[in-house]
Structures are given as C-alpha cells and as structure tokens.
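>>> build me a model from this:
(4 chains)
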Protein chains: 2
Amino acid sequence: MKRELDHKLHLRNIKPTAMRQLVLHVLTEQSTAISLPELEQIFDRADKATLYRTLKTFEKNKLIHRINDGAGPVKYALCQDTCKCQPEDLHVHFLCTKCNQTYCLTEIPIPDITLPAKFSFENVNMVVKGVCANCAI
Amino acid sequence: MKRELDHKLHLRNIKPTAMRQLVLHVLTEQSTAISLPELEQIFDRADKATLYRTLKTFEKNKLIHRINDGAGPVKYALCQDTCKCQPEDLHVHFLCTKCNQTYCLTEIPIPDITLPAKFSFENVNMVVKGVCANCAI
DNA sequence: TCTGACTTTGCAACCCGGTTGCATCAACTT
DNA sequence: AAGTTGATGCAACCGGGTTGCAAAGTCAGA
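Presented below is the predicted three-dimensional model:
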C-alpha cells in the first residue's frame, strides 16, 4: 500500500515525505473530488499552508488536477496514471446539486468546439450539474 | 438611451433606480463580461454592497447571467432579451489567457453530453480558454 | 560523521471576493 | 401627513487562498 503510494509519487518526481504520503493516501480513498477546506477537516491537526503547498506540488507534477465546479472552493482529484494534463486527457466533470460531490467522468471526453475566426484553443473546462446516481431517488 | 435602459429594467420587473440605471448602462457598454471588483473600480464612489446587491437583483431577474471562468472573481454579462436562462439559452464562454477578458459565444450552443446511467442533467457550464481575436498576433 | 546547502513544515499574518446586519433614506400608498 | 416598503451606505465579518519567515528535516560531499 505505502509502496504503491511511494511509487505514484516517484513516477511524478515528488519526494515522498510523510505529509505527502498521508495526503496522497486520502486522495486515493476519495471517489469524488476534494477541496482544500475538506482536506483541512480530515487532517484536523495539520497546517493549512502545508496542505495547500502539498496540493500545489501535486498539481504542478500532474499527480492531481484542479476542478473548478463553480460551487465554492476549488476541488482536486487524482489524475490517471497516464495523464499528461493535455487536451486529450480532459474529461467532463459532474457536480451533484444534492450532495455537492464532484465526479470525474473520465470516460466522457469533452466535445470539440468550433471557435470564431482568430480565436485559438488552449484548454476547456466543462462541468455538468444535476443529480448523481447516489442521490437519485 | 435612458429610455431603452428603463425599458430593459421594466421588462425584467426591476425598479429603475438611479443606481440600477447606471450599472445597467455600464453593463451595456461592455463587449465582454465584467466582475464585481471591476465594477467597483468603474464606480469608485459607489458602495460595494450596493453594487453587489444590484448585480444579485439583475441576476435573479435574468437581466444578466453569471459566468464562472475559473480566473478569479465571478463575471457577469447581459442576457439576450429573449433569455430565460434555460438550458437552451446556455452558450459557450471563452476566456482569453492574454487579456483575461471573457466572451459570451452566444452563437455557439453547448454540445449535448450523454451522462452515465442514473445521472440526471440540470445545467452545464463550458469555458474554453485560449487567445482571443484581439490578442492574436 | 560532521557540515553546509537545500527543501519542507508550521505558524502567523495578510489579501481579496463575497456577504450580512443595521440604520438611514427614498418612493409610494392611503 | 403618516406609514409601509424597498433601496442604499457603512461597517464588519467570513472563508478560501496565499505568502514571509523561522525552525526542522533531508541529503550530498568533505
């Protein structure tokens, strides 16, 4: 277990400190994306700035990706092992309006968009809102 | 001019106070979306809370719509006269990574997405990032 | 093994966008 | 003219995000 976590960190060139192992462990346990404030609650003895910088490091090294779902704080979720955070790795995110959980729909690529003349494409963010399977009656 | 503004307010059942006329006037002058902090700078003698509540009122009455482009503060842009803020009124937004301006691409509808089983659709937000025509070399 | 350079952590403080409570003011009704 | 309602201005607060700085930890080379 710890081996796998260290391996993941190693793959992304991140030094495996105790803090980072713990944070990564929590991240792997999540089925939905998690925000910094939520992380603070889980580690109620840990420092906010450290958690913040840990997430920054993870994001910079493409271990996690940031999700802006428009519902408060930014959330983070693990990248696929093969992810390079390129356009082809982008996928749709889903925000449940009942439980406020955000899902990575990794199997749903984002459709192509034809932009107006002289507008160039770099990146795209797509968030669908609705009710998730867990909250469906 | 003032007539048109009052008419727009009237159409959306918003009482035409001086403040609201001024804010609406500024909004109609923008070719791109504007944030509350930007609005504060334009009206440097006006109160933040008043501007805030003015935008809230406009949004509630569907005179403007909120755009969350992930680049700092929420931005707002005028709705089309016919807009009911229903899914069919949704369009793609474009954030220029050079000038940080956000455009409503009202002519580009958001493509349909097939969600996983038992996930229901309510709403969708799509923001394309890139370089806009003005900033293209 | 010791030393020095570099990284990570913890604490504190700060910034800024957003939001609310409350008193005052304006407009409109009767 | 008095009373009701809504709008405004001011102040304060909240929470997420961010940074400066000093202490602790890590590691390579002597």
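>>> got the contact list for the helix or strand of chain A with the lowest mean pLDDT?
The least trusted helix or strand in chain A, going by mean pLDDT, DSSP states H and E, turns out to be helix A:2-11, with a mean of 91. By Cβ atoms under 8 Å, 6 or more residues apart in numbering or on different chains, the surrounding residues in contact with helix A:2-11 are A:Lys15, A:Pro16, A:Arg20, A:Gln21, A:Leu24, A:His25, A:Thr28, A:Leu63, A:Asp81. The way it works is simple: take the backbone N, C-alpha and C, and place the C-beta from them, glycine included.
>>> what would these look like in CSV with neighbour count, secondary structure and distance to B:Ile113?
Output for those, formatted as CSV (neighbours: other Cβ atoms under 10 Å in any protein chain shown; DSSP: H, G, I helix; E, B strand; the rest coil; distance: Cβ to Cβ, whole Å):
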residue, neighbour count, secondary structure, distance to B:Ile113
A:Lys15, 8, coil, 39
A:Pro16, 15, coil, 38
A:Arg20, 19, helix, 35
A:Gln21, 15, helix, 36
A:Leu24, 24, helix, 30
A:His25, 13, helix, 32
A:Thr28, 12, helix, 27
A:Leu63, 23, coil, 27
A:Asp81, 10, coil, 25
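>>> tell me the one of those nearest DNA strand D?
Proximity of these to DNA strand D (Cβ to the nearest atom of the strand) peaks at A:Lys15, which lies at 6.5 Å.
>>> returning to what we had before: of all pairs in the contacts of helix A:2-11, which one spans the longest distance?
A:Lys15 and A:Asp81 (19.0 Å; Cβ to Cβ).
>>> before we move on, the earlier item: going by distance to A:Val131, which of the contacts of helix A:2-11 wins?
Nearest to A:Val131 among these: A:Thr28, at 26.1 Å, using Cβ to Cβ.
>>> does the closest one touch A:Leu78 like I think?
Yes. Counting by Cβ atoms under 8 Å, A:Leu78 is a contact partner of A:Thr28 at 6.5 Å.
>>> that older thread, quick one: buried residues of the least confident helix or strand of chain A?
For helix A:2-11, a neighbour-count test (16 or more other Cβ atoms under 10 Å in any protein chain shown) marks A:Leu5, A:Lys8, A:Leu9 as buried.
>>> show me what contacts the spatially most distant residue from the centre of chain A?
The centre of chain A is farthest from one residue, A:Ala117, which by Cα atoms, centre = their mean lies 32.4 Å away. If you count contacts by Cβ under 8 Å, 6+ apart, A:Ala117 has them with B:Ala133.
>>> done for today, thanks.
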